[in-house]
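S.K.: sharing a model prediction with you, sequence too.
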Amino acid sequence: MITIASLVILLPFLAAATGLLGSRFPRHLHGVTPPETGDSTTPKADVSKAGADTAANRRAAWIAVVPTAVSAALAIWLAYATWAATGGGIGSSAPVEPKPQGVIDGVTATFTVIETGSVPITVGLLVDGLAASIAVLVAVVALAVQVYSVGYMRDDRRYPSYSSFISLFTSAMLLVVYAADLMVLYVGWEIMGLCSYLLVGHWWEDRANSRAAIKAFLVTRIGDVGFLFGIFVLGTAAGSFRIADVIAAVPEMSSGTLIAATMLLLAGVAGKSAQVPLHVWLPDAMAGPTPISALIHAATMVAAGIFVVARLYPVFLDARPTLDVLAVLAAVGMLGAALAALAQDDLKRVLAYSTISQLAYMAGALAAGSRSAATFHLITHGAFKALLFLCAGAVIHAVGSNLMSTMGGLRKELPVTFTAMTIGFAALMGLPPASGFFSKDEVLVAIEGSLSSGTLTGAAALLLYGCALATVAVTGAYATRAWLRTFFGQRAPQAELQPEPASSAPHAVHSPHHTAVHEAPATMRWPILVLAVPALLLGFARVGDVHWDAAALSLTVALLGAGVVYAVWRSDPLTDPARLLGPFRAPCEQAFHVDSVYTRLFVQPVLLLAGLVVRTDGRVVDGAVRGSGRATLSLAGLVRLVQNGNAQLYVTGLLAGVLMIAAGAVIFR
């Protein structure tokens with residue numbers, strides 16, 4: 001098993017190295033695409049598409065897709081073998097919940113031990129039900145994104161590096177999933193941060209895109225500082241960074257150590273999984289190409305934080321104050337992000353805020369004491385959220401704009417995309433028989449159980465449950481609004497084709513005439529069709545665990561939210577149903593001005609301090625250096641006056657010196 005797991009990680013890594021170093025060789029095999037070739041939907045103003053080397057792009061596609069496909073096949077086989085050996089299933093390890101003593105059931109192997117002088121670092125891998133399940137999600141979604149990108153980015157001259165960074169991204173997440181040591185996990189954790197920066201800023205010619213990439217990098221780094229120190233606290237207390245050793249040492253750790261370590265880890269989790277208060281980077285990360293959004297939101301960056309809590313769950317279970325904090329953050333995040341999604345016009349930003357909300361559901365399930373519910377929803381969410389983002393990319397590819405105000409009436413022109421996206425929205429809302437119905441039921445049951453189980457304090461449990469039910473209604477509302485505005489009603493005037501910029505700013509340039517709209521190429525359609533299957537059917541793997549009373553309540557609440565939006569839209573299909581928010585629409589559209597608050601509290605003071613440092617460096621430090629230089633030059637000028645080559649002046653000076661010495665000797669003898 002360990003050999004297979006190693007190959008699952010190494011194949012995408014080798015693809016990344018080969019793609020970066022060899023996709024443009026041999027150089028005599030090339031074919032340059034002029035900037036304005038391609039079908040009618042290709043953005044002609046995109047600088048990155050000018051002069052694309054089609055031969056290099058084809059080689060890069062093969063280099064990226066084939067190893068990822070093999071890695072996905074091996075991950076599926078490994079998951080099947082693990083489930084057969086442990087008796088677990090999708091989204092769980094055996095047993096479904098961690099054992100009380102924190103024992104991990106699985107296969108572990110150590111390749112080498114790095115001595116550090118204090119706590120050694122064990123380079124090894126761990127394969128259990130949890131790792132096997134999440135690895136399948138990562139590999140399959142990465143494969144779908146790689147295949148989809150062949151069509152979506154076919155005329156992009158930086159496609160070779162783009163596909164290589166996706167492969168590296170995939171390998172890093174798989175390393176996080178299979179790591180048996182916290183420091184090895186941290187290596188993959190940080191590589192993902194680098195890859196997200198490189199991919200979000202892929203179209204760096206647009207300043208807004210580069211700003212979004214920097215924002216994502218810096219915000220997640222803030223959380224990672226706490227995460228690293230949390231690892232240090234756990235490793236020092238346990239005497240080892242091995243995950244199994246850390247969990248085994250939990251009963252011997254003091255409550256203060258556990259709370260401090262888990263609170264620090266929670267900072268990194270909030271950063272990577274875009275949870276309050278470090279969630280602000282994710283909506284702006286829509287600046288990257290749409291396939292990257294699917295990868296980040298479904299299977300890599302944001303999934304990593306939830307996975308780490310699930311991996312170290314026995315540690316968190318013994319730190320009850322941390323679970324209360326996690327519950328409060330999840331409650332605020334799930335409802336706040338859902339309300340923000342209800343007011344967005346950019347389709348990708350709707351899905352971005354939806355991701356924040358759904359990840360908060362998983363965090364809520366973990367806080368409520370159910371790792372299996374959180375993990376199961378993580379897997380189903382990865383399937384249907386990847387489907388939704390790829391469908392959104394197909395719509396944007398056809399329409400030429402991210403804005404729903406430029407869409408409408410597309411169900412007849414894009415029947416495949418319409419059907420697949422309907423499945424995705426149904427899963428997001430939790431409608432049967434889509435997968436989200438089953439996984440959201442388990443999450444809500446776990447949260448409801450926290451009201452009486454004692455895992456959380458009463459106030460935290462009540463807040464979490466109330467916000468979870470309210471979020472179900474709002475989720476039904478924003479999903480229905482996006483579905484109606486995209487595929488029904490009357491289509492707005494077509495936007496002229498522009499390069500896909502940062503989602504933070506509207507970018508449609510309206511034209512009074514419609515252009516032809518058609519389905520995406522086959523390389524984009526097939527991943528959508530493949531992902532539609534698990535998005536629809538994956539929940540049946542746990543159909544026996546459905547709690548029908550809670551499921552009926554959830555379904556009723558979701559349909560209530562959807563019905564309200566439908567009634568408002570039906571009364572006037574030409575206007576945005578978000579008008580039902582009334583005066584709260586503007587705050588929701590601006591995500592409650594959290595970015596503005598952060599700008600005033602943190603960004604502006606830091607910029608002022610940076611400006612002060614620059615001025616101090618320029619005027620004081622550099623001034624002192626320049627002043628010493630000027631003083632030296634002035635002194636040299638004085639010395640130069642007597643070193644002018646005039647022999648008479650030298651003799652005169654010599655005689656004057658002799659006379660002064662003689663006079664001094666006479667006077668002071």
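M.R.: Arrived safely, thanks for sending.
S.K.: so where is the stretch 101-250 of the chain shaky, pLDDT-wise?
M.R.: 101-104 (pLDDT under 70).
S.K.: do a quick rundown of the helices in it.
M.R.: With DSSP state H, counting those that start in this stretch as the criterion, the stretch 101-250 of the chain has helices at 129-152, 159-178, 182-200, 207-238, 243-248.
S.K.: before we move on, what about the stretch 301-450 of the chain?
M.R.: Using DSSP H, counting those that start in this stretch, helices in the stretch 301-450 of the chain cover 301-311, 313-317, 320-343, 347-368, 371-399, 415-429, 435-453.
S.K.: what residue is smack in the middle of the chain?
M.R.: With distances taken as CA atoms, centre = their mean, Met301 lies nearest the centre of the chain, 3.8 Å away.
S.K.: ok, that residue touching Leu194?
M.R.: No - here Met301 does not reach Leu194: they are 11.2 Å apart, not a contact under CB atoms under 8 Å. All C-beta atoms are positioned from the backbone trio N, CA, C, and that covers glycine.
S.K.: hmm, back to that, make a markdown table from the helices of the stretch 101-250 of the chain and add distance to Val308 and mean neighbour count to it.
M.R.: Listed next are these as a markdown table, based on distance: least, CB to CB, whole Å; neighbours: other CB atoms under 10 Å:
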| stretch | distance to Val308 | mean neighbour count |
| --- | --- | --- |
| helix 129-152 | 11 | 27 |
| helix 159-178 | 8 | 27 |
| helix 182-200 | 7 | 22 |
| helix 207-238 | 8 | 20 |
| helix 243-248 | 10 | 20 |
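S.K.: relative to Phe425, which of these is closest?
M.R.: helix 129-152 (18.2 Å; CB to CB).
S.K.: for the residue nearest to the centre of the chain, give its distance to Ala172.
M.R.: 10 Å (CB to CB, to the nearest Å).
S.K.: what do you get for Ala360?
M.R.: Applying CB to CB to Ala360 and Ala172 gives a distance of 24 Å.
S.K.: returning to what we had before: any shared contact partners between Met301 and Ala172?
M.R.: Residues touching both Met301 and Ala172 by CB atoms under 8 Å, 6 or more residues apart in numbering: Met192.
S.K.: what about Leu580, how many residues nearby?
M.R.: Leu580 is flanked by 16 other residues according to other CB atoms under 10 Å.
S.K.: which residue packs closest to it, ignoring adjacent ones?
M.R.: The spatially closest residue to Leu580, leaving aside those adjacent along the chain, is Val568, at 5.0 Å (CB to CB, 6 or more residues apart in numbering).
S.K.: who are the neighbours in contact with the one you found?
M.R.: With CB under 8 Å, 6+ apart, Val568 has these contacts: Pro577, Arg579, Leu580.
S.K.: can you give me the buried ones in the helix or strand hosting it?
M.R.: Assigned by DSSP states H and E, Val568 belongs to helix 548-571. Using 16 or more other CB atoms under 10 Å as the burial criterion, the residues of helix 548-571 that qualify are 550-551, 553-555, 557-559, 561-562, 564-566, 568-569.
S.K.: thinking Ile292 is in contact with Val200, fair?
M.R.: Yes - assessed by CB under 8 Å, Ile292 is found in contact with Val200 at 6.7 Å.
S.K.: quick check: end-to-end length of stretch 339-353?
M.R.: Length of stretch 339-353, first residue to last, CA to CA, to the nearest Å: 9 Å.
S.K.: what mean pLDDT does that stretch have?
M.R.: For stretch 339-353, mean pLDDT rounds to 95.
S.K.: just stretch 379-397 next, same as before
M.R.: 95.
S.K.: rewinding a little: tell me which of the helices of the stretch 101-250 of the chain sits nearest to Val517.
M.R.: Here helix 129-152 is closest among the helices of the stretch 101-250 of the chain (CB to CB), at 16.1 Å.
S.K.: angle of the closest one against helix 159-178?
M.R.: Interaxial angle, helix 129-152 versus helix 159-178 (axes from the mean of the first three to the mean of the last three CA atoms, to 10 degrees): 170 degrees.
S.K.: run the chain-centre distance for helix 129-152.
M.R.: Distance of helix 129-152 from the chain centroid (CA atoms, centre = their mean, to the nearest Å) equals 15 Å.
S.K.: and stretch 337-352, by the same measure?
M.R.: The answer for stretch 337-352 is 16 Å, by CA atoms, centre = their mean.
S.K.: got the end-to-end distance for it?
M.R.: Termini of stretch 337-352 sit 9 Å apart (CA to CA).
S.K.: so Gly653 is in which element?
M.R.: Using DSSP H and E, Gly653 falls in helix 647-667.
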